[in-house]
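J.: Predicted model and sequence below, questions to follow.
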Amino acid sequence: MIIEQNNAALRNLSALVDFSKLINSNLELDFTLNNLLLTCFGKFFATRGLIALFNENAGLEIKASKGINDQVLQNFKEKVKTDNSSETLDAFLKENHFVVMKEIITSDNIRGYIFLGEKFNKQDYTEDDLDFLSTILNVAATAIENSIMVEKLQKVNRDLDGKVNQLSSLFDLSKEFSGILEEKMVGKLVVFSLIGQLMVSKFAILKFNSNSAEFIDCKFDRQKLEELCESYELKTISKPLNKDEIKDYSAELNDLGISLVIPMQIKGVTKGMILLGARINGQEYTNSDIEFVSSVGSLAIISIENARLFQEALEKEKLEKDLELARKIQQNLLPGTYPQLDSFDIAAINLPARQVGGDYYDIVKLDDKRTLFAIGDVSGKGVQASLIMANTQAFLKSICKQSLSLDEATNLMNDLISENTSGGGFVTFFWGILNDETNELTYVNAGHNPPLLIRDGKIEFLKKGGMILGVMETIVPYMKETVKLQPGDALVTFTDGITEAMNVAEEEFSDERFEKFALKIAKNTAREILDQIIETVSDFAKGAEQSDDITCLVVKVK
């Protein structure tokens, strides 16, 4: 009897040694678990067996089984997978005719369970059988733990390799994106990178303008997607949406086959969108995939924005060149030299607030005795005002060649400007004729700031004339006035860019301040008066951006 017990112990020890060598010869979990079941079958003559291990969510999953039909496996998934209480396990054991259930314990933690069916010879499991089962489970537990650790390490390595590949792709893409300044090329690069990394066949890339969505590329039903873009404020989406979240957001988007929505953002503002269909291999998008697509989207939208800014810069540069050319042309329209007169000294200046402006002045020698001067201010700013100003200058040159009195010439000037000006444009205008022989000034004021005639420390305002030019054809004729000038008189004509000049405190230079200053400097020469006015206004408005042109013309009687 003792000899038989010793022989049995030796056989068990030999089997245990062989089992230990076998399961430790391979670190694959399936190999370890299958050999554990095979050893139980060979040692105990078990007819069937099942091994279930806990997953990361504390649920039991079947990892190996032999001799188990599909119904038993289905029962396990339905009842035990999410409820592994002792009552549920006992019920499963009895319901499915398992005879033995043993815990697989590693480092004082229950890693899982082994279930064994009845023996082939119908005998019960003995105490020796159960002791041997506990022993081989202790040996197997370490191998199982090692296999699981290796499996996790392999998964981590696969994920790490995937991350490295994605980072390498992102690095290459960042270099490519930085050199692209065309939206279509950006779209193609995004498509190629996503197809290569994620294996998708349906996609859409769109950017958001102020009130609309513009498709850069689209492989979905474009018409339906455009309709959905109008129905849903896609640009309000600020985080990625997976398939389940898309269903909650919009059943229509889901019906189109969209499985992933990735907003493309700049400083937290959604400027575009990447929409992806299902992957060709049927796999779900992982968090790593979503991070990769988001990174590609960030690179893409920055490149798209840079392309837009580049185009804007080119257009702005072209516009600035055109405006600079227009400025030079406009400056050439102004008189380059002033006629030398016996009785009068003239000085003038024009300072546009922008590259081109609507202020205008001119000086024209009519004959040996008479010289015409004019100053005008076109409503509005910029290009439109400069074009009206050019027309006004052309009309003036043409009218000067006709033998018309100044009031009749003003009537004609108004009719021409009214006929050729649209959009509510108009011109405030003052012009006069200096007679170098009689020292007389004949003038007409068409709604312009009344020029200052300074004499003996007093100011006379030259207001005679009529309404501003360009509002309507002449109904009430303009009126002229002739003033006898005296030596020492100073005539200061100006546009409202001087009196309305603003300082940093948003205070205007004002008519009152201008008139007081003009009285102080009226005894100086025309050039000195002009320079002092411009200098004083500039000092007053220093640091504040001016919105109106400045023009001033001074006549000093010798």
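T.: The structure has been received and is ready for your questions.

J.: What pLDDT is listed against D511?
T.: Per-residue pLDDT puts D511 at 94.

J.: E317 too?
T.: According to the model, E317 carries a pLDDT of 79.

J.: I459 too?
T.: pLDDT at I459 comes out at 96.

J.: Name the residues linked to it by a beta bridge.
T.: Applying DSSP bridges to I459 gives these bridge partners: I454.

J.: so what's it up against?
T.: Counting by C-beta atoms under 8 Å, 6 or more residues apart in numbering, I459 touches L452, L453, E515, A518, L519. The C-beta positions use only the backbone N, C-alpha and C, and glycine is treated the same way.

J.: what about 7 Å?
T.: Residues counted as contacts of I459 (C-beta atoms under 7 Å, 6 or more residues apart in numbering) are L452, L453, E515, L519.

J.: pLDDT and neighbour count added to those, as CSV?
T.: Listed next are these as CSV, based on pLDDT from 0 to 100; neighbours: other C-beta atoms under 10 Å:
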residue, pLDDT, neighbour count
L452, 96, 21
L453, 97, 22
E515, 95, 15
L519, 95, 15
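
J.: Considering those, which is situated nearest to V150?
T.: E515 (95.9 Å; C-beta to C-beta).

J.: Quick check: closest non-adjacent residue to that closest one.
T.: I459 (5.9 Å; C-beta to C-beta, 6 or more residues apart in numbering).

J.: Run a quick neighbour tally on L194.
T.: 21 (other C-beta atoms under 10 Å).

J.: all helices of the stretch 51-200 of the chain, in order?
T.: 70-79, 86-95, 127-178, 183-198 (DSSP state H, counting those that start in this stretch).

J.: Pipe these into a markdown table and attach mean pLDDT and distance to G543 per row.
T.: Formatted as a markdown table, those follow (pLDDT from 0 to 100; distance: least, C-beta to C-beta, whole Å):
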| stretch | mean pLDDT | distance to G543 |
| --- | --- | --- |
| helix 70-79 | 85 | 78 |
| helix 86-95 | 87 | 82 |
| helix 127-178 | 74 | 39 |
| helix 183-198 | 75 | 41 |
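
J.: I'd like those as TSV, with distance to D342 appended.
T.: Formatted as TSV, the helices of the stretch 51-200 of the chain follow (distance: least, C-beta to C-beta, whole Å):
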stretch	distance to D342
helix 70-79	115
helix 86-95	121
helix 127-178	70
helix 183-198	68
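
J.: Please work out which of the ones you listed is packed deepest.
T.: helix 183-198 (a mean of 18; mean count of other C-beta atoms under 10 Å).

J.: Which is the succeeding secondary structure element to that one?
T.: For helix 183-198, the following helix or strand on the C-terminal side (DSSP states H and E) is strand 203-208.

J.: thinking again about what came up before, if we compare the helices of the stretch 51-200 of the chain, which one ends up closest to N35?
T.: helix 127-178 (8.5 Å).

J.: Now do the helix or strand that contains L225 against strand 203-208, angle only.
T.: Taking DSSP H and E as the criterion, L225 maps to helix 222-231. Interaxial angle, helix 222-231 versus strand 203-208 (axes from the mean of the first three to the mean of the last three C-alpha atoms, to 10 degrees): 40 degrees.

J.: I'd like the numbering to begin with 47 instead of 1 from here.
T.: Yep, numbering from 47; the last one is helix 268-277 now.

J.: hmm, who's touching helix 268-277?
T.: With contact meaning C-beta under 7 Å, 6+ apart, helix 268-277 is reached by A250, A259, F261, C264, S296, E298, L299, L302.

J.: Next, check the contacts of I505 against the strands and list the overlap.
T.: L498, L499 (DSSP state E).

J.: want to try CSV for the contacts of I505, with distance to P533 as columns?
T.: Below are those laid out as CSV (distance: C-beta to C-beta, whole Å):
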residue, distance to P533
L498, 17
L499, 14
E561, 22
L565, 18
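
J.: Nearest to L176 among the contacts of I505?
T.: Closest to L176 out of these is E561 (117.7 Å), distances taken as C-beta to C-beta.

J.: if we can go back for a sec, closest to V603 out of the contacts of I505?
T.: Of those, the one sitting nearest to V603 (C-beta to C-beta) turns out to be L499, at 9.9 Å.

J.: Just give me the neighbour total for the spatially closest residue to F472 that is not a sequence neighbour.
T.: Leaving aside its chain neighbours, F472 sits nearest to G516 (4.0 Å; criterion: C-beta to C-beta, 6+ apart). For G516, the neighbour count with other C-beta under 10 Å is 29.

J.: Give me the residues contacting stretch 163-179.
T.: Counting by C-beta under 7 Å, 6+ apart, 58, 86, 89-95, 113, 143-146, 148 sit against stretch 163-179.

J.: Also stretch 297-316?
T.: Stretch 297-316 is contacted by residues 248, 254, 266-267, 270-271, 274, 281, 283-289, 292-293, 317-324, 331, 339-340, 343-344, 346-348, 351 when judged by C-beta under 7 Å, 6+ apart.

J.: For ChimeraX, write a command that selects the buried ones of those residues.
T.: Typed into ChimeraX, the line below selects the buried ones among the contacts of stretch 297-316, using 16 or more other C-beta atoms under 10 Å:
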select :248,254,266,271,274,281,283,286,287,292,317,318,319,320,321,322,323,324,331,339,340,343,344,346,347,348
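
J.: out of the contacts of stretch 297-316, which are inside helices?
T.: 270-271, 274, 289, 292-293, 339-340, 343-344, 346-348, 351 (DSSP state H).

J.: Flag every buried residue along stretch 254-272.
T.: Quick answer for stretch 254-272 (16+ other C-beta under 10 Å): F254, A259, I262, D263, C264, K265, F266, L271.

J.: Make TSV from those and add pLDDT and distance to I463 to it.
T.: What follows is those, written out as TSV (pLDDT from 0 to 100; distance: C-beta to C-beta, whole Å):
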residue	pLDDT	distance to I463
F254	83	45
A259	80	46
I262	82	48
D263	84	52
C264	85	52
K265	86	58
F266	86	57
L271	82	53
